[in-house]
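Student: the sequence and its predicted three-dimensional model are supplied below.
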Amino acid sequence: MTTLELQQKIDKFEELINGFGNQNFNSKILWQMKSEISEHFKGTSFADADEKKYAWERFESLALNLKEKQDAVTRDNEKFAEEAELLTNQIETIVGDGFYSKNPEKEAITNLKGLIEKTFDYFKQSRWPSKERRNRAWDSFNNLREKLRKEEDRFFSELREKKTAQTERSHQLSSIIIETIEACHPDATTQVLFQLLQQLTAHLLSIGFLEETVGWIMANKEAEPKAPLKMKSEGLREVRKLLSENKEDVSRDDKQRIYAKLEEISTELNKAWEVHKEEHLRKQLEWEERKKIGEIKRADWLKKQADFLKVLEEKLEKRTADKVNLERILASKNDFLARQQGRVQNQTSFLQKTREDLADIQEKINTAWTDSFKEKMTEKIAFKEAKIIEVNADIEEVKVKITDVEKDVKDITEKLENINKSKEELTLKIEEVKKNLEPSLSE
């Protein structure tokens with residue numbers, strides 16, 4: 001082989017090495033080429049030793065690069081196999097004792113299938129460290145896929161059975177619901193609606209609904225309510241609520257039939273409500289007119305009550321002033337009476353003392369030895385007797401005053417009692433009038 005051919009061979013070897021580990025992971029051709037080039041060195045004639053040395057060193061450098069890349073690819077292949085095995089283990093963990101037995105959501109199923117597809121891509125590539133390792137991983141992966149496929153077949157078979165049963169259940173439920181909706185027509189009797197609501201409740205309980213989830217249907221319902229339109233509107237609202245909260249129990253076709261009937265009856269109810277509102281408005285206007293007349297009458301009555309209250313309060317104020325004045329006069333009279341009674345008592349005591357003095361003087365006269373002493377005592381007796389006459393006259397005069405004052409006290413006391421009684425009556429009347437005025441005062 002010529003040096004040019006050998007050089008071209010080495011160039012090709014370098015080109016293949018540069019691509020190795022990027023797009024190409026098969027090193028078998030490279031190692032064969034390395035062996036061939038190594039043999040070619042033995043049969044190639046070089047111009048001199050330097051040319052051979054340069055070519056050999058270049059070849060050895062490329063061979064070293066090949067070994068390093070081979071080691072890197074080997075590590076990458078090991079990592080690649082570990083990733084594939086890890087993904088297979090993840091699938092095994094998810095599948096476990098039964099993936100579909102847990103009724104997975106659509107998102108979980110999609111994620112698992114995405115993981116299986118991702119793992120399957122690993123087996124399409126020739127980057128496995130060995131055929132045996134790939135076969136072991138493939139067997140494990142394929143067994144999991146087969147297990148999952150069987151589970152999936154059973155799962156969707158059961159779903160189809162459930163779907164059939166659900167469709168039948170939906171038909172039964174929708175028939176009762178449509179009957180209930182029709183009973184909400186304005187012309188239908190509330191007795192029929194009441195019975196159908198009971199029937200709907202019983203049916204829901206029979207197909208597995210809990211009592212607390214359907215109790216609201218019959219809440220505050222009467223066979224003959226005072227507001228039948230309200231009961232029927234509530235009936236439609238409850239049907240809508242039932243559909244909204246239990247969408248999975250009614251099929252799409254049945255929902256369309258139900259909503260069509262809801263729309264039809266709702267339209268009729270709306271018309272009935274318009275008539276009802278017009279009638280209600282007429283009655284409301286009549287009531288407001290009566291109320292207005294009543295308010296005018298009440299305002300007039302309240303004004304009269306307020307004027308009356310003012311008169312009563314003025315009377316009460318005058319009675320209070322009269323009472324204060326009479327109490328002041330009564331206090332003065334009582335004070336005067338006490339003083340006069342004290343004067344009578346003092347004068348009476350003075351009379352008693354004077355009479356005792358007269359008896360004593362008389363005794364002295366009877367036992368007197370001289371005429372001059374008798375004459376002197378006789379003068380004293382005359383003075384004392386004159387004083388007694390004067391005091392008696394004063395006592396009689398004071399007694400007359402006492403009688404007059406006692407009469408005044410009695411009269412004033414009676415007047416005060418009458419004033420107090422009048423004040424009590426006025427106070428009660430004022431409280432009564434104020435109570436009548438309280439609502440208007442709060443406004």
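Tutor: Arrived safely, thanks for sending.
Student: where does the prediction get shaky in this protein?
Tutor: 21-27, 66, 70-73, 203, 205-226, 439-443 (pLDDT under 70).
Student: contacting residues around residue 49?
Tutor: Applying C-beta atoms under 8 Å, 6 or more residues apart in numbering to residue 49 gives no contacts. Yep, even glycine has a C-beta here, placed from its N, CA and C like the rest.
Student: please report how far it lies from residue 130.
Tutor: Counting by C-beta to C-beta, to the nearest Å, the gap between residue 49 and residue 130 amounts to 44 Å.
Student: if you count neighbours, what's buried in the one helix or strand residue 31 maps to?
Tutor: Assigned by DSSP states H and E, residue 31 belongs to helix 28-40. Applying a neighbour-count criterion of 16 or more other C-beta atoms under 10 Å, the buried positions in helix 28-40 are 30, 33-34, 37.
Student: what of stretch 192-203?
Tutor: Buried-residue list, stretch 192-203, by 16+ other C-beta under 10 Å: 192-194, 196-197, 200-201, 203.
Student: make JSON lines from those and add distance to residue 183 and secondary structure to it.
Tutor: Converted to JSON lines, the buried residues of stretch 192-203 look like this (distance: C-beta to C-beta, whole Å; DSSP: H, G, I helix; E, B strand; the rest coil):
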{"residue": "192", "distance to residue 183": "5", "secondary structure": "helix"}
{"residue": "193", "distance to residue 183": "4", "secondary structure": "helix"}
{"residue": "194", "distance to residue 183": "9", "secondary structure": "helix"}
{"residue": "196", "distance to residue 183": "5", "secondary structure": "helix"}
{"residue": "197", "distance to residue 183": "8", "secondary structure": "helix"}
{"residue": "200", "distance to residue 183": "10", "secondary structure": "helix"}
{"residue": "201", "distance to residue 183": "14", "secondary structure": "helix"}
{"residue": "203", "distance to residue 183": "15", "secondary structure": "helix"}
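Student: list just the nearest of those residues to residue 414.
Tutor: Ranked by distance to residue 414 (C-beta to C-beta), the buried residues of stretch 192-203 are led by residue 194 at 75.5 Å.
Student: next secondary structure element downstream of the longest helix seen in the chain?
Tutor: For the chain, the longest helix by residue count, based on DSSP state H, is helix 252-366. Using DSSP H and E, the helix or strand that follows helix 252-366 in sequence is helix 371-442.
Student: returning to what we had before: helices or strands next to the helix holding residue 31 in the packing?
Tutor: helix 3-19, helix 49-95 (3 or more C-beta pairs under 8 Å, 6 or more residues apart in numbering; DSSP states H and E).
Student: adding distance to residue 230, write these out as JSON lines.
Tutor: Shown next, in JSON lines, are the helices and strands packed on helix 28-40 (distance: least, C-beta to C-beta, whole Å):
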{"stretch": "helix 3-19", "distance to residue 230": "84"}
{"stretch": "helix 49-95", "distance to residue 230": "54"}
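Student: distance check, the nearest residue to residue 374 once chain neighbours are set aside against residue 102.
Tutor: Leaving out its chain neighbours, the residue that sits closest to residue 374 by C-beta to C-beta, 6 or more residues apart in numbering is residue 368, at 4.6 Å. Per C-beta to C-beta, residue 368 is found 151 Å from residue 102.
Student: same thing with residue 426?
Tutor: 88 Å.
Student: what sits against residue 180?
Tutor: Here residue 180 is in contact with 193, 196-197, 199-200, 235, 239 (C-beta under 8 Å, 6+ apart).
Student: rewinding a little: so which of the buried residues of helix 28-40 comes closest to residue 386?
Tutor: residue 30 (177.0 Å).
Student: verify the stated contact: the closest one with residue 12.
Tutor: No: under the criterion of C-beta atoms under 8 Å, residue 30 lies out of contact with residue 12, with a separation of 10.4 Å.
Student: what about the residue nearest to residue 65 when sequence neighbours are not counted, neighbour count?
Tutor: Leaving out its chain neighbours, the residue that sits closest to residue 65 by C-beta to C-beta, 6+ apart is residue 17, at 5.7 Å. Residue 17 is flanked by 20 other residues according to other C-beta atoms under 10 Å.
Student: residue 17 reaches residue 61, doesn't it?
Tutor: No: here residue 17 lies out of contact with residue 61, judged by C-beta under 8 Å, at a distance of 10.1 Å.
Student: and the helices in the stretch 101-250 of the chain?
Tutor: Counting by DSSP state H, counting those that start in this stretch, one finds helices in the stretch 101-250 of the chain at the ranges 106-123, 131-182, 190-206, 211-218, 228-245.
Student: for the second one, what is the distance to the chain centroid?
Tutor: Helix 131-182 sits 42 Å away from the centroid of its parent chain (C-alpha atoms, centre = their mean, to the nearest Å).
Student: next one: the last one
Tutor: Distance of helix 228-245 from its chain centroid, counting by C-alpha atoms, centre = their mean, is 24 Å.
Student: list the buried residues of it.
Tutor: Residues 228-229, 231-236, 238-239, 242-243 are the ones in helix 228-245 that count as buried (16+ other C-beta under 10 Å).
Student: between those residues, which is nearest residue 297?
Tutor: residue 229 (34.8 Å).
Student: residues contacting that closest one?
Tutor: 186, 269, 272-273, 276.
Student: out of the residues you listed, grab the one that's most surrounded.
Tutor: residue 269 leads the contacts of residue 229 on contacts (other C-beta under 10 Å) with 19 neighbours.
Student: residue 158 versus residue 189, what's the distance?
Tutor: Taking C-beta to C-beta, one finds residue 189 at 45 Å from residue 158.
Student: quick check: the residue nearest to residue 63 when sequence neighbours are not counted vs residue 130, distance?
Tutor: Leaving out its chain neighbours, the residue that sits closest to residue 63 by C-beta to C-beta, 6+ apart is residue 34, at 5.6 Å. Separation of residue 34 from residue 130 (C-beta to C-beta): 22 Å.
Student: check residue 100 too.
Tutor: 35 Å.
Student: same question for residue 234.
Tutor: Taking C-beta to C-beta, one finds residue 234 at 75 Å from residue 130.
Student: residue 104 too?
Tutor: Residue 104 sits 35 Å away from residue 130, going by C-beta to C-beta.
Student: if we can go back for a sec, residue 426 and residue 102: which is more packed in?
Tutor: Between residue 426 and residue 102, residue 426 has the larger neighbour count (other C-beta under 10 Å), namely 20 against 10.
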